[in-house]
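K.L.:
sequence first, then the predicted structure:
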Amino acid sequence: NAAEKGGYEHFMLKEMYEQPKAITDTFSPRIKDGKIVIDELNMTDEEIKAINKIMIVACGSAYHAGVTSKYVFEGLSRIPVEVDVASEFRYRNPILEEGTLVVVISQSGETADTLAALRESKARGAKVLGIVNVVGSSIAREADNVMYTWAGPEIAVATTKAYSAQLISLYLLAMKFAYVKGEIDDTVLSDMLEDLKSLPAQVEMLLNNKQKIQRFANRYLAARDIFFIGRGIDYAISMEGSLKLKEISYIHSEAYAAGELKHGTISLVEEGTLVASVLTQKELYKKMISNMVEVRTRGAFVMAVTMEGNTEVERAADYVIYIPETNKYFTNSLAIIPLQLFGYYVSVGRGCDVDKPRNLAKSVTVE
Ligand code: AGP
């Protein structure tokens, strides 16, 4: 009912607005005197230094958070990371050796495939860390250690605040591992923590742009196909942007690694096809802009999500959303906001059941 939604039209909108708090609540208890302290990890520095592979297993948006974190873990800590969809992981006879840390990510803590992957990993002798939102859930109970995302109860089927809190937990872990391994020093760590602490206000600011995005979304209510493109960490956010849109609006959408488009998918681009491009990584701007030009030449309408100051993008885009400066590993936390709003308003505009899309359940307890 209306009271439960706190005056918002849908749980999804309310939960999007709870993201600044979810982010703060997830990082603040874990930063003490300028250092990252994750007691629930139950690992000594020696044990952290002994990690030689991280295996991340999850489904849906939690998987997308995992894909983002691969770039963060590898970039910062230089520990190799594999990310798997839980339903695939179990059946591929995964190689878990001494020194492999398995990380399972789940909002509900009840996703059957993720739980089965956890059990499979434990049976093979691996240590499993759960990143879970629901306290006391099955995954929280069965994992060796649990790092909670403090997003609070999430009702809308399309996850927003739990996903944002998952990203924060993963950044903290990656920074912690990198620091313990000596890959980043005190100066880098303290700069990163400053940027982390700025995220809630920056997310708030992006949420307040909602009317502009609503007007833009209203132009795409009848779209047949939408493509999301990005490179590197921006490819990870493209996947999440695409899922947000399709699960609640029922418009077909796909995420592509921008450089891979010309190997097939570009043949689907027609006059007016919307291509949402994400470019937050300075070293990839040029390459992204050339991919945007490729689709625009074929008639695409190009929307871009990029960092403030990258005005160069305007020559290749029809509509640009700027996000504020942050550490290059944290950009997904900002870029996702306009993409969530876009999916939300397309769904509202099409008259869909935003909070309870057809055929979907909040937690998928069948394999
Ligand atoms: C996200 O919007 C989805 N509804 C879905 O992909 C979800 O993230 C997935 O089912 C995993 O759920 P979990 O986090 O509860 O394990």
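P.N.:
Arrived safely.

K.L.:
show me which positions of stretch 43-63 end up buried.
P.N.:
If you call a residue buried by 16 or more other CB atoms under 10 Å, then stretch 43-63 has these buried ones: 43, 48, 51, 53-63. (C-beta placed from N, C-alpha, C; glycine too.)

K.L.:
correct me if wrong: residue 177 contacts residue 47.
P.N.:
No - taking contacts as CB atoms under 8 Å, residue 177 lies outside contact range of residue 47: 10.8 Å.

K.L.:
who touches the residue of the chain found nearest the ligand in this structure?
P.N.:
Nearest residue of the chain to the ligand, counting by CB to the nearest ligand atom: residue 60, 1.8 Å away. For residue 60, the contact set (CB atoms under 8 Å, 6 or more residues apart in numbering) comprises 159, 243.

K.L.:
so which bits of this protein are right by the ligand?
P.N.:
Residues of the chain found near the ligand (CB under 6 Å from any ligand atom) are 59-62, 106-108, 111, 114, 157-159, 247, 363-364.

K.L.:
show me where the chain has helices.
P.N.:
For the chain, applying DSSP state H gives helices covering 11-17, 19-27, 45-49, 60-77, 86-89, 112-123, 138-142, 161-180, 186-207, 210-217, 233-249, 285-297, 331-349.

K.L.:
CA atoms only: put stretch 93-100 into PDB for me.
P.N.:
In PDB, the C-alpha atoms belonging to stretch 93-100 read as follows (Å, rounded to 0.1, in the frame of the first residue of the first chain):
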ATOM      1  CA  ASN A  93      33.700 -29.100 -12.900                       C
ATOM      2  CA  PRO A  94      35.300 -25.900 -11.600                       C
ATOM      3  CA  ILE A  95      39.000 -25.900 -10.600                       C
ATOM      4  CA  LEU A  96      39.200 -24.900  -7.000                       C
ATOM      5  CA  GLU A  97      42.700 -25.200  -5.600                       C
ATOM      6  CA  GLU A  98      44.300 -24.300  -2.400                       C
ATOM      7  CA  GLY A  99      44.300 -20.500  -2.300                       C
ATOM      8  CA  THR A 100      41.100 -20.100  -4.200                       C
END
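
K.L.:
could I get the average pLDDT for it?
P.N.:
Across stretch 93-100, pLDDT averages out at 94.

K.L.:
and it, which residues are buried?
P.N.:
94, 96, 100.

K.L.:
who touches that stretch?
P.N.:
50-55, 84, 102, 120-121, 124-126.

K.L.:
how far does stretch 42-61 sit from the chain's center?
P.N.:
18 Å (CA atoms, centre = their mean, to the nearest Å).

K.L.:
quick one: end-to-end distance for it.
P.N.:
Using CA to CA, to the nearest Å, the gap from the first to the last residue of stretch 42-61 comes to 26 Å.

K.L.:
grab the nearest non-local neighbour of the residue nearest the centre of the chain.
P.N.:
Residue closest to the mean C-alpha point of the chain, counted by CA atoms, centre = their mean, is residue 65 at 3.8 Å. Excluding its sequence neighbours, the residue lying closest to residue 65 (CB to CB, 6 or more residues apart in numbering) is residue 166, at 4.0 Å.

K.L.:
shouldn't the one you found be in contact with residue 149?
P.N.:
Yes - at 5.5 Å, residue 166 counts as touching residue 149 under the criterion of CB under 8 Å.

K.L.:
what touches both of those two?
P.N.:
The contact sets of residue 166 and residue 149 overlap at 107, 131, 133 (CB under 8 Å, 6+ apart).

K.L.:
can you lay out those as TSV showing neighbour count?
P.N.:
TSV is the format used below for these (neighbours: other CB atoms under 10 Å):
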residue	neighbour count
107	29
131	29
133	29
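
K.L.:
mind putting these in a markdown table, pLDDT included?
P.N.:
Converted to a markdown table, the shared contacts of residue 166 and residue 149 look like this (pLDDT from 0 to 100):
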| residue | pLDDT |
| --- | --- |
| 107 | 97 |
| 131 | 98 |
| 133 | 98 |
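
K.L.:
and the residues you listed as TSV, adding distance to residue 240?
P.N.:
TSV is the format used below for the shared contacts of residue 166 and residue 149 (distance: CB to CB, whole Å):
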residue	distance to residue 240
107	13
131	16
133	16
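
K.L.:
identify, from those, the entry nearest to residue 314.
P.N.:
Closest approach to residue 314 among the shared contacts of residue 166 and residue 149 (CB to CB): residue 107, at 36.9 Å.

K.L.:
residues contacting that closest one?
P.N.:
Going by CB under 8 Å, 6+ apart, residue 107 touches 61-62, 132-134, 149, 151, 154, 159, 162-163, 166, 363.

K.L.:
any figure for the gap between residue 361 and residue 60?
P.N.:
Distance check for residue 361 against residue 60: by CB to CB, to the nearest Å, it reads 11 Å.
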